[in-house]
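Asker: A structural model of the following input is requested.
(one chain, ligands or ions: 3)
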Amino acid sequence: MHRLEVALDERSYPIAIGRDALAQSDWIGVIRGKQVAVVTNETVGPLHLAKLTSALDAAGKSVTVVTLPDGEEYKTAETLDLIYSALLEARCDRKTTLVALGGGVVGDMTGFAAATYMRGVPFIQVPTTLLAQVDSSVGGKTGINHRLGKNMIGAFYQPRFVVADLATLDTLPARELSAGLAEVIKHGAIVDAGFLGWIEENIDALVARDAAALGHSVLRSCEIKSEVVAGDEFESGRRAILNFGHTFGHAVEAGLGYGVWLHGEAVGVGMVLAARLSQRLGYLDEAAVQRLTSIIGRAGLPTRAPEMPVKRWLNLMAVDKKAEGGEVRYILLRGLGNAVVEAVDEAIVAEVLREHAAA
Ligand SMILES: NC(=O)c1ccc[n+]([C@@H]2O[C@H](COP(=O)([O-])OP(=O)(O)OC[C@H]3O[C@@H](n4cnc5c(N)ncnc54)[C@H](O)[C@@H]3O)[C@@H](O)[C@H]2O)c1
Ligand SMILES: O=C(O)C(=O)C[C@@H](O)[C@H](O)[C@H](O)COP(=O)(O)O
Ligand SMILES: [Zn+2]
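Answerer: Ligands and ions are numbered 1, 2, ... in the order given. Next comes the predicted model:
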């Protein structure tokens with residue numbers, strides 16, 4: 001088992017990564033009170049809840065289970081209210097710890113419920129998708145979607161522990177595994193050309209769920225994400241590079257309707273478009289764009305953007321949280337492994353969209 005630390009002073013916390021991390025790590029030790037509320041969904045609960053609740057029962061905890069409907073389209077205020085209601089009905093007090101058992105949707109919503117229930121209770125992330133293990137469970141971005149934009153309502157709120165039990169990935173559908181690989185590729189593309197090269201060499205093994213390859217992809221991704229988050233917890237600057245591919249990707253998710261394309265799929269084509277934009281600005285050569293596109297395709301992800309009118313693309317992207325004074329800022333690559341954040345003239349973005357994504 002591997003153990004990392006997200007270094008955030010008094011908000012620091014461990015990440016345990018391993019095939020049996022739920023049984024082998026000391027995550028239950030960080031729970032102070034007796035009451036625990038596990039939030040999961042109707043798909044993950046039947047597969048992985050028993051292992052979690054039996055460990056909590058053995059530790060003498062009193063457990064309430066909250067089961068949510070499954071899907072990105074349920075990452076809403078209405079679903080959040082289901083969590084609050086269940087916590088209130090079970091008389092959960094301020095010492096109650098919430099545990100998120102599931103993918104990024106459950107994790108983001110449970111984190112936001114923890115940030116806001118009685119003005120803040122502790123929470124633990126037990127991510128069960130590759131995407132959640134390599135990305136969403138780490139870093140403290142929590143929240144819900146709004147009809148007009150992704151993750152528009154939320155809070156930065158760090159978990160007390162992240163338990164990435166690699167055995168939970170055994171039940172993950174292939175399409176979801178590919179979606180997780182998008183964020184792994186992102187981590188290489190933004191800061192570590194060597195890791196991107198490793199992904200390229202091992203992409204078939206990753207898709208085939210080779211245990212050693214998957215374990216390394218989770219570990220290296222968590223190292224990269226932890227380092228970036230530790231340097232800029234609230235995204236005042238450098239953390240924005242973790243948003244590579246997301247300005248375009250979030251437009252795909254909101255534009256087509258939440259859940260039509262998976263987050264990872266939208267980020268995959270978003271990275272292709274951001275690479276094309278980087279090329280148009282003279283920052284990336286054709287060979288590098290093709291290399292990145294090929295890795296994304298070999299991961300089982302779409303590489304062609306859905307077609308939408310350019311005006312629609314631009315309107316959807318105008319609400320991006322990185323925009324400042326009405327100017328949308330993009331994450332661009334000045335070479336593979338070197339991301340920068342810059343405002344780009346809308347006419348240039350429109351040109352790239354017309355060529356690669358327009359209806
Ligand atoms: N907070 C962050 O930093 C951050 C980072 C990246 C993504 N996100 C968010 O995360 C969400 C995407 O997360 P996701 O890709 O995990 O999607 P998800 O949470 O919808 O999970 C994907 C699907 O896999 C199922 N599932 C989960 N674990 C399983 C398992 N072990 N076996 C079988 N099925 C399983 C889920 O029920 C769901 O149907 C998006 O809302 C995205 O915005 C947040
Ligand atoms: O942790 C971050 O910072 C990220 O940007 C990680 C992204 O992969 C993730 O999708 C995040 O939820 C996007 O955040 P948002 O602020 O653009 O909504
Ligand atoms: Zn993401």
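Asker: so where do the helices sit in this structure?
Answerer: In the chain, the helices defined using DSSP state H lie at 21-24, 44-58, 77-89, 104-116, 130-131, 174-191, 193-207, 211-231, 246-256, 263-280, 286-298, 310-318, 346-356.
Asker: Please convert those helices to TSV, extending it with distance to ligand 2 and mean pLDDT.
Answerer: Any C-beta I mention is one placed from the backbone N, CA and C, and that applies to glycine too. Conversion of the helices of the chain to TSV gives the following (distance: least, C-beta to the nearest ligand atom, whole Å; pLDDT from 0 to 100):
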stretch	distance to ligand 2	mean pLDDT
helix 21-24	21	95
helix 44-58	19	97
helix 77-89	16	98
helix 104-116	7	99
helix 130-131	8	98
helix 174-191	6	99
helix 193-207	16	98
helix 211-231	7	98
helix 246-256	5	97
helix 263-280	6	98
helix 286-298	15	98
helix 310-318	12	97
helix 346-356	17	97
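Asker: so which of those is the most packed in?
Answerer: Among those, judged by mean count of other C-beta atoms under 10 Å, the one packed with the most neighbours on average is helix 130-131 (a mean of 29).
Asker: Is that one in proximity to ligand 1?
Answerer: Yes: Helix 130-131 comes into contact with ligand 1 (C-beta under 6 Å from any ligand atom), by way of residue 131.
Asker: which residues are in contact with that helix?
Answerer: Contact partners of helix 130-131, identified using C-beta atoms under 8 Å, 6 or more residues apart in numbering, comprise 103-104, 169, 172, 176-177, 179-184, 214, 217-218, 263-264.
Asker: go with 7 Å
Answerer: 103-104, 169, 172, 177, 179-181, 183, 263-264 (C-beta atoms under 7 Å, 6 or more residues apart in numbering).
Asker: mind checking how far that helix is from the chain centre?
Answerer: Distance, stretch centre to chain centre, for helix 130-131: 7 Å (C-alpha atoms, centre = their mean, to the nearest Å).
Asker: now do stretch 242-252
Answerer: 12 Å.
Asker: got it, and stretch 285-300?
Answerer: Counting by C-alpha atoms, centre = their mean, stretch 285-300 comes out at 21 Å from the chain centroid.
Asker: Now the terminal residues of stretch 111-126, how far apart.
Answerer: 11 Å (C-alpha to C-alpha, to the nearest Å).
Asker: anything in that stretch sitting right up against ligand 1?
Answerer: No: against ligand 1, stretch 111-126 shows no contacts by C-beta under 6 Å from any ligand atom, the least distance being 7.3 Å.
Asker: Show me how far that stretch is from its chain's centre.
Answerer: With C-alpha atoms, centre = their mean, you get 17 Å for stretch 111-126.
Asker: residue contacts, the residue nearest the centre of the chain?
Answerer: In the chain, the centroid-proximal residue (C-alpha atoms, centre = their mean) is residue 136; its distance is 3.1 Å. Shown in contact with residue 136 (C-beta under 7 Å, 6+ apart): 104, 107-108, 127.
Asker: Which positions in this protein make contact with ligand 1?
Answerer: 41, 43-44, 47, 70, 72, 75, 102-106, 108, 128-129, 131-132, 135-136, 139, 141, 151, 168, 171-172, 176, 179, 263-264.
Asker: run the last query once more with 5 Å
Answerer: Residues of the chain found near ligand 1 (C-beta under 5 Å from any ligand atom) are 43-44, 70, 103-105, 128-129, 131-132, 135-136, 141, 168, 171-172, 176, 263.
Asker: How about the one residue in the stretch 51-200 of the chain that gets nearest to ligand 2, nearest residue that isn't a chain neighbour?
Answerer: Closest to ligand 2 within the stretch 51-200 of the chain is residue 151: 3.3 Å, counting by C-beta to the nearest ligand atom. Closest residue in space to residue 151, ignoring its immediate chain neighbours: residue 143 at 4.7 Å, by C-beta to C-beta, 6 or more residues apart in numbering.
Asker: gap between the residue of the chain most remote from its centre and ligand 1?
Answerer: What lies farthest from the middle of the chain is residue 60; by C-alpha atoms, centre = their mean that is 31.8 Å. Relative to ligand 1, residue 60 is positioned 27 Å away (C-beta to the nearest ligand atom, to the nearest Å).
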